[in-house]
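>>> I would like the atomic coordinates for the input below:
(chains A and B)
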Amino acid sequence: MNANSILDVHPDAESLNAFAEQALAERERGLILAHLAGCSRCRQVVYLAQEVAAEMEPAVAAPTVRLENRRDSWFRSWWFAWAPVAALAVVVALAYVMHSRRVETVSEMAKVMPQTAPQNGGGNSGSPTQPTGVPATPVSAGPAPSEARERKKTPTSERSAQLTPSLSAAMATAPGANEPAVAALQKEQERASAASQSYVMAAKTMAQASGNESAKREEVDRIVTAAAPQFDASPAPPASFEAGARPRAGGVFAVYKGNDAELPSGLAVVSTASSQHRTLVVDKAGSVFLSEGSGGHWENVVRQWSGRAVKVRTQAAVQSSPFDATPSPDTVFEIVNDQGKVWVSTDGRTWKAK
Amino acid sequence: MEGVGITPAQSVESSADEDIAGLPGAIDRVLLEELLQECDGASCGLERGEFNEILLDVGTAQNYGLAEGTAASRQQQATYFRALKLGDLVLAHACAAGNERAWERFVAIYRQPLVRAAIAITGSDTLGRDLADQLYGELYGLTTRDGERRCPLQSYRGRGSLIGWLRTTLAQRHVDHHRQTHREQPLEEFDAPAPVHEVQKPAAELTVLEKAVEGALQRCDAEERYVLAAYYLDERTLLQIAKVLNVHEATVSRKLKRVCQNLRKQILKNLQGFGLSRRAADEALGADPRDLDLNLKKLLQYSQSEAFQEKAAP
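A predicted model of the protein is given here:
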């Protein structure tokens, strides 16, 4: 096919289509182009076919485009879906961190408290089964019965806000300010223990002046109870009460559980004394209950004394220093009634007048 | 370079089970198997011998894309065949041969696009469907010549896509029909030009100018003439021209500007060659084109399209 021949005849549809689709070799393409330069009919055919192809190709390619768009949008939505998921994860992580720090704060306070607790413990502290680092005495005065019932209803987080003002203040402090809060708590505890010591020393001085050992002991108890009720008016149950069951909660949790000991009478605990594995408590009505174990089961002690029991204590604890928490192997329980008379027992069940 | 040349005059007569590799002009058996698997000829019920014959016909018709008289090596044959759209080629030739499975496939793939293309070309749903049905009937072999069933699909040689070939065929049919039926236009559509009273220039000067323009246009190459014709005669846009030439429209714009500058220079040069001074040549270029007896269409087109006879289609 030479130049003349290609000008004499029109290229067929095969050649024109191949030219439009750029499928021709350079030599043949030149021939077709030369023909197109001089043939308006073939130019018109090429343009028309190309325009139709341009119109039809988007329609043919539309499903692919739609599919790509759909996939694109799906990817977009998938990626956008990660935004709320990530935000939720951040919130959860933040909540977990804040919760962990709050628990750590409570734990640190519980670690700090054993240093001051024996000073506040008075004569009822020093359980033989009490592990080191677990406070045996409450930080503050025992709650009223109504308060105790309310506490049972309130969750732990809310209960933490009902701690002593210093502890509540420390709990309410931001996580990053734990150390100042603990320091403030220590200072307050030291101040309180100093006041307690002064009361005890005053009671001892008065007892020495009387020369009567029994009266001395009672006087000490009376003065300590009356003058410093906020320190040991409601001693805590022994640390073995719940200690170890909640290692993270530490001593603070044990203190709470001691105060929240649910007696068969349903009344609030007025006084508590522990020796070995036995725990004696006196409720607000004067009933005495004995527990031989972790405090889960309480049995009512048959009344063998006159009047209304207002206090229970261990004899060894009274004879030793109030700050001495070392347990005595031959401790006996004592019940003091509202008239100041004392009954003693070695097992907590059988009582004899002293 | 292997010396197994194939000339268009050579033919292959082989059955499906014959060892075609041993026949003169046959395609390498390994290559044939590879191409047959590539185009999935079995789906059209095409056997190896038929496939070999189709490839040979196509290859020899174009001399494997080589210049006339050049013998194609096996490597050149393989390159040529691999550049073809073998799937479309096999389908078209299987349809031309009357293969029912091939026709089912063709209808499923191309029937609707054919109708849509015809409607787009004609701009009318009715005319488009008529055009598509007419071509579909031709493709199906309803037309006979000398008692022999003729199918235009036999002219498809796989260099472009089959759908492109169908669109181009439709466009050809439509343009030819339009030119035949719209050649005579009513007189009222023409605006009668106002009579121009001008000072007639000397005929010799105009004759020189006409010769200078004609000489300048003849020096343009095919692409330059195509750009001039498409832009000034067909009034196509730069984008349309760029799509045909497969270049950016900015390239077409630069080419057009350069062609015009070169044409002006060449005309001036031709005028000076005819003995005019530079100033006289510039003045001659300032003449009103309407004074020239120049048929630029005729100059750009070596022959009018009406004079062309379309290549005999099978």
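>>> got a pLDDT number for residue 200?
With no chain named, the answer covers chain A. Residue A:200 carries a pLDDT score of 52 in this model.
>>> wrong one, I was asking about chain B
57.
>>> cool, residue B:153 as well?
Residue B:153 is given a pLDDT of 88.
>>> is it correct that it is in contact with residue B:95?
Yes: Residue B:153 is in contact with residue B:95 according to C-beta atoms under 8 Å; the separation is 5.4 Å. The C-beta positions use only the backbone N, C-alpha and C, and glycine is treated the same way.
>>> please enumerate the shared neighbours of those two.
residue B:139 (C-beta atoms under 8 Å, 6 or more residues apart in numbering or on different chains).
>>> and stretch B:237-245, C-alpha only, in PDB?
The C-alpha trace of stretch B:237-245 is given here as PDB (Å, rounded to 0.1, in the frame of the first residue of the first chain):
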ATOM      1  CA  THR B 237     -11.400  21.900  18.700                       C
ATOM      2  CA  LEU B 238      -7.800  21.500  19.800                       C
ATOM      3  CA  LEU B 239      -8.900  18.800  22.200                       C
ATOM      4  CA  GLN B 240     -10.600  16.800  19.500                       C
ATOM      5  CA  ILE B 241      -7.500  17.000  17.300                       C
ATOM      6  CA  ALA B 242      -5.300  16.200  20.300                       C
ATOM      7  CA  LYS B 243      -7.200  13.000  20.900                       C
ATOM      8  CA  VAL B 244      -6.800  11.800  17.400                       C
ATOM      9  CA  LEU B 245      -3.100  12.500  17.400                       C
END
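>>> how about residues contacting it?
A:20, A:36, A:46-47, A:50, A:54, B:223, B:226-227, B:230-231, B:248-253, B:256.
>>> again, but for stretch B:253-263
In contact with stretch B:253-263 (C-beta under 8 Å, 6+ apart) are residues B:216-217, B:220, B:223-224, B:227-228, B:231, B:238.
>>> in a markdown table: these, plus pLDDT, secondary structure and neighbour count.
What follows is the contacts of stretch B:253-263, written out as a markdown table (pLDDT from 0 to 100; DSSP: H, G, I helix; E, B strand; the rest coil; neighbours: other C-beta atoms under 10 Å in any protein chain shown):
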| residue | pLDDT | secondary structure | neighbour count |
| --- | --- | --- | --- |
| B:216 | 86 | helix | 20 |
| B:217 | 85 | helix | 18 |
| B:220 | 86 | coil | 19 |
| B:223 | 89 | helix | 18 |
| B:224 | 90 | helix | 20 |
| B:227 | 91 | helix | 26 |
| B:228 | 90 | helix | 21 |
| B:231 | 92 | helix | 20 |
| B:238 | 93 | helix | 18 |
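>>> name the nearest of those relative to chain A.
residue B:223 (5.8 Å; C-beta to the nearest C-beta).
>>> burial measure for the residue lying closest to the closest one once chain neighbours are set aside, as a count.
Spatial nearest neighbour of residue B:223, excluding adjacent residues (C-beta to C-beta, 6 or more residues apart in numbering or on different chains): residue A:33 at 5.8 Å. A count of nearby residues for residue A:33, using other C-beta atoms under 10 Å in any protein chain shown, gives 20.
>>> what packs against the helix or strand containing residue A:33?
Assigned by DSSP states H and E, residue A:33 falls within helix A:26-38. Helix A:26-38 makes packing contacts with helix A:3-8, helix A:13-20, helix A:40-121, helix B:222-228 when contacts are defined by 3 or more C-beta pairs under 8 Å, 6 or more residues apart in numbering or on different chains; DSSP states H and E.
>>> pretty sure residue A:56 sits against residue B:120.
Yes: between residue A:56 and residue B:120 there is a contact at 6.8 Å, judged by C-beta under 8 Å.
>>> ok, these two, which is more surrounded?
residue B:120 (20 against 16).
>>> ok, whatever residue of the stretch 51-200 of chain A ends up closest to chain B - contacts?
The stretch 51-200 of chain A approaches chain B most closely through residue A:52 (4.5 Å), counting by C-beta to the nearest C-beta. For residue A:52, the contact set (C-beta under 8 Å, 6+ apart) comprises B:117, B:120-121, B:167, B:170-171.
>>> in space, what's closest to it - neighbours in sequence excluded?
residue B:120 (4.5 Å).
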